[in-house]
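> give me coordinates for this.
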Amino acid sequence: MNCQELLNKYSQEWKLATIHPFLNECKLGTIKPQQFNTWIVQDYLFVVEFTRMVGRILTYAPISHFDVILRGLNALQDELNWFEVKATERQLDLNIEKQSTCTEYCSFMNKLTEMPYPLQATALWEIEFAYNQGWQLPGKMPQPYNEFANRWGNSEFTNYVKLLEAQANEVLQSASKTIQSQSEATFLNVARLEQDFWQMAYNIAN
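Here you go, the predicted model:
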């Protein structure tokens with residue numbers, strides 16, 4: 001089992017995770033400000049927990065994987081600062097409660113670091129790839145959404161995701177059949193949570 005095989009086997013689930021009306025409305029410039037602002041705040045709260053997860057993954061990763069993972073951690077610190085700037089520009093309060101979907105996703109990430117490293121590597125790749133694809137596939141977006149699309153859809157981020165994929169493939173291919181089978185459940189969990197996270201923008205903001 002490898003990442004490409006997961007994408008091929010669960011192509012419909014992956015499509016739902018990366019192609020969503022939220023992203024299409026950003027492309028068309030028709031997304032309502034309240035919906036986009038809801039997404040920004042909840043995504044900031046998600047990235048805080050995601051950063052913690054990536055830090056914990058270092059505990060289990062082989063040393064040969066450190067360089068790529070640490071590169072991601074450095075980028076996440078910049079990303080958190082950027083979110084805070086965007087929130088200030090939009091007069092958004094980042095000190096609010098997570099919505100239920102965000103809470104569920106963060107809980108999944110907390111449990112993930114109790115799982116074997118191949119599953120952690122698979123999820124780390126998939127989470128980053130979902131953002132890369134989600135913001136890249138619609139194509140050029142109008143202001144102000146082009147800044148968000150460029151952050152996760154740019155070629156440098158794409159190359160980083162490819163490095164994560166190579167690391168996940170390395171440990172998946174040498175993993176037991178049991179863990180390879182579990183990687184499918186992990187993949188499906190992330191795909192579902194990504195779909196739900198886009199949809200969360202349409203919930204009433206807390």
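> grab the nearest non-local neighbour of the residue positioned nearest the centre of the chain.
Nearest residue to the geometric centre of the chain (C-alpha atoms, centre = their mean): Ile127, 3.3 Å. Of all residues not flanking Ile127 in the chain, Val190 sits nearest, at 6.0 Å (C-beta to C-beta, 6 or more residues apart in numbering). For glycine as for every other residue, the C-beta is placed from the backbone atoms N, C-alpha and C.
> any idea how far the one you found is from Lys98?
Look at Val190 and Lys98: by C-beta to C-beta, to the nearest Å, they are 18 Å apart.
> which of those two has more neighbours?
Val190 (25 against 19; other C-beta atoms under 10 Å).
> does the residue nearest to the centre of the chain touch Ala191 like I think?
No - using C-beta atoms under 8 Å, Ile127 is not in contact with Ala191, being 10.1 Å away.
> flag the shaky bits of this structure, pLDDT-wise.
204-206 (pLDDT under 70).
> which residues touch the host helix or strand of Glu25?
Using DSSP states H and E, Glu25 sits within helix 21-28. Applying C-beta atoms under 8 Å, 6 or more residues apart in numbering, the external contacts of helix 21-28 come out as 31, 35-36, 39, 134-135, 137-139, 141-142, 145, 148-149, 198-199, 201-202.
> list the contacts for the residue nearest to Ile127?
Counted by C-beta under 8 Å, 6+ apart, Val190 has contacts 17, 108, 123, 126-127, 130.
> with distance to Glu49 and secondary structure added, can I get those residues in a markdown table?
Shown next, in a markdown table, are the contacts of Val190 (distance: C-beta to C-beta, whole Å; DSSP: H, G, I helix; E, B strand; the rest coil):
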| residue | distance to Glu49 | secondary structure |
| --- | --- | --- |
| Ala17 | 19 | helix |
| Phe108 | 10 | helix |
| Ala123 | 13 | helix |
| Glu126 | 16 | helix |
| Ile127 | 11 | helix |
| Ala130 | 16 | helix |
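> tell me which of the residues you listed is nearest to Arg56?
Nearest to Arg56 among the contacts of Val190 is Ala123, at 12.1 Å by C-beta to C-beta.
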